[in-house]
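Visitor: give me coordinates for this.
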Amino acid sequence: MQNSQTPYDPDNWPRPPSCVTADQLRLPPQHARIAVAGLVILRQRPGTAKGVIFLTLEDETGTVNIIVWRKLYERYRRAVIAGRMLRVTGRLQREGDVIHVVAEEIEDISSLLDQLLAPAPEALSPGPQTG
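Guide: Now for the predicted structure:
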């Protein structure tokens, strides 16, 4: 399937290359292995969910729902608990209008948040001198 989206632009929001944005989640086929990235806006661990954790990530286009099974949580516990921005690789699941990613790998990419505050390179160079 050809992707008509523009290629990764390092001057845009610092998300890793090859990640699918929230608004592109309808493009890959069911059960496709994809990567998503975003700010963690919600963590839920309901007592009735038998150790399953639900995360919601937000990128520049919307939100992505993530399911983290107990065994995977034990492996990536630090990233799940403390990560402010995550990259999650997993299987896409769709049921009607409900879309989520079942996590297989979780990477804490919170260090990229600092790049959001960095001035653009052209802002650092002095403008033309007048006078």
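Visitor: buried set for the helix or strand where Val40 lies?
Guide: Counting by DSSP states H and E, the element that carries Val40 is strand 33-44. Using 16 or more other CB atoms under 10 Å as the test for burial, strand 33-44 gives 34-40. (C-beta placed from N, C-alpha, C; glycine too.)
Visitor: who is the residue nearest the centre of the chain paired with across the strands?
Guide: Nearest to the geometric centre of the chain sits Ala37, at 1.3 Å (CA atoms, centre = their mean). Beta-bridge pairing for Ala37 (DSSP bridges): Arg87.
Visitor: check contacts around the closest residue to Ala82 other than its chain neighbours.
Guide: Once flanking residues are discounted, Ala82 sits nearest to Asp108: 7.1 Å by CB to CB, 6 or more residues apart in numbering. Applying CB atoms under 8 Å, 6 or more residues apart in numbering to Asp108 gives the contacts 78-79, 82-83, 85-86.
Visitor: neighbours of the residue lying closest to Arg70 once chain neighbours are set aside, how many?
Guide: Closest residue to Arg70 apart from its sequence neighbours, by CB to CB, 6+ apart: Gly51 at 3.4 Å. Other residues within reach of Gly51 by the criterion other CB atoms under 10 Å amount to 13.
Visitor: tell me what the helix or strand Val80 falls within is packed against?
Guide: Using DSSP H and E, Val80 sits within helix 77-82. With contacts defined as 3 or more CB pairs under 8 Å, 6 or more residues apart in numbering; DSSP states H and E, the packing partners of helix 77-82 are strand 98-108.
Visitor: give me the mean pLDDT for the strand it packs on.
Guide: For strand 98-108, the mean pLDDT works out to 96.
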